[in-house]
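> Sequence and computational prediction follow.
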Amino acid sequence: MTFKELSLTRFSARKFTAEPVSPADLDYILECARLAPSACNRQPWRFIIISSEEGKEKIRRCYSREWFATAPLYVLCMKSVDEAWVRPDDKKNHGDVDLGIAVEHLCLAAADRGLGTCWVCNYDTEAVARLFPREGYEAVAIVPIGHIAADCPRPEKRRKELDSTTETV
């Protein structure tokens, strides 16, 4: 599969089967995320794998959606508040950018294995901080991962035309 085909295949899956994600698939996905580039190679991230029944019950309290509860596994994606590179000129912290790159590597790796994911950013931040405290880290996204249900909606990819998003100078 070409990278373009992989990009076209990946979508925000919002319904999963109960089939667990295999350890080999999870290892592959996490290795791909680990290999993501980051500013000055700081790698300011931590991935919390949530697969126990207790952990899943807790993360589901942070984002109460019926489709979300169908996932057999979740990855809580966190950035280090102190380890990210900061641009000297304007003090812009690149932790969110770095973690975003790593999370998309994670999502594309899952798609490469035939699994579905969905970025979840609109969760209860206070609940996540309370239920999954990690000193020096801040949650940025929750990514459910699983086998895509046959009746999962697959929205048509709608993207702006290339000429409306690029410019040559």
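Good, I have the coordinates.

> any idea how far residue 93 is from residue 87?
8 Å (Cβ to Cβ, to the nearest Å). Where C-beta positions appear, they are placed from N, C-alpha and C, glycine not excepted.

> intersection of neighbour lists for these two?
Common contact partners of residue 87 and residue 93 (Cβ atoms under 8 Å, 6 or more residues apart in numbering): none.

> Counting neighbours, go ahead and name the busier of those two.
Remark: of residue 87 and residue 93, residue 93 carries more neighbours, 16 against 10, as counted by other Cβ atoms under 10 Å.

> Please determine how far residue 6 is located from residue 152.
Separation of residue 6 from residue 152 (Cβ to Cβ) stands at 18 Å.

> For the two, indicate the residue with more neighbours.
Each of residue 6 and residue 152 had its neighbours counted (other Cβ under 10 Å), and the higher figure belongs to residue 152 (18 against 13).

> Show the contacting residues for that one.
Applying Cβ under 8 Å, 6+ apart, one finds that residue 152 lies in contact with 13-16, 116.

> if you look at those, which of them are in strands?
residue 116 (DSSP state E).

> Need the buried ones from the contacts of residue 152 selected in ChimeraX.
When burial is assessed using 16 or more other Cβ atoms under 10 Å, the buried subset of these is captured in ChimeraX by this command:
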select :13,14,15,16,116
